[in-house]
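J.: requesting a structural model of the entry that follows:
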Amino acid sequence: MATSQKTAPESPTEIFKALGDPIRWKIVQQMAAVDELACSTLEDTLPVSKPTISYHTKILTQAGLIDTRKEGRNYYYTLRREVLHHLVDEMWALAPAPRPVRDGKIDHAPEVTKRRGGRRQRAAERTETAERDLVLLTW
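T.: Numbers count the residues shown, from 1 in each chain. Here you go, the predicted model:
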């Protein structure tokens, strides 16, 4: 029988506290790469014990960053991406700047920059990228 644990997102300070621990940050990074992450995967990839993983996932759940589902003896975690998007929106409100909008929605995808060549080559890459990806910026 599967159960789901839904919690309301906490304040930005609580979210930042939860993300401030290196182990919790690694957990969130692993969850961001998949739709659902098995606890056994964390046990195999993190240098901490099962009780420590449980402690860290509890803090992430309390901060509203993840949902937990239990199926039999196994636990599965899902990153609540909308909570991170809301946090990013709140950060943008503190320091407004142009924001990319694609397909009518704010694009939360990270900018990918490649470091190679000199200034002229990077300038040429920016021009090429600008011509290829026209983006509406909003404030």
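J.: can you list the domain ranges for the protein.
T.: With automatic domain parsing as the criterion, the domains of the chain are listed as 2-83, 97-138.
J.: pretty sure residue 96 sits in a strand.
T.: No: the assignment for residue 96 is coil, going by DSSP: H, G, I helix; E, B strand; the rest coil, so no strand is present there.
J.: which pLDDT value belongs to it?
T.: According to the predicted model, the pLDDT of residue 96 comes to 78.
J.: and it, what are its phi and psi?
T.: The phi and psi values for residue 96, taken as degrees, to the nearest 10, are phi -60, psi 140.
J.: ditto for the one 10 residues further on
T.: Torsion angles at residue 106 (phi, psi; degrees, to the nearest 10) stand at phi -60, psi 130.
J.: now the closest residue to residue 89 other than its chain neighbours: how far from residue 99?
T.: The shortest distance from residue 89 to any non-neighbouring residue, by C-beta to C-beta, 6 or more residues apart in numbering, is to residue 106 (7.5 Å). For glycine as for every other residue, the C-beta is placed from the backbone atoms N, C-alpha and C. Counting by C-beta to C-beta, to the nearest Å, the gap between residue 106 and residue 99 amounts to 6 Å.
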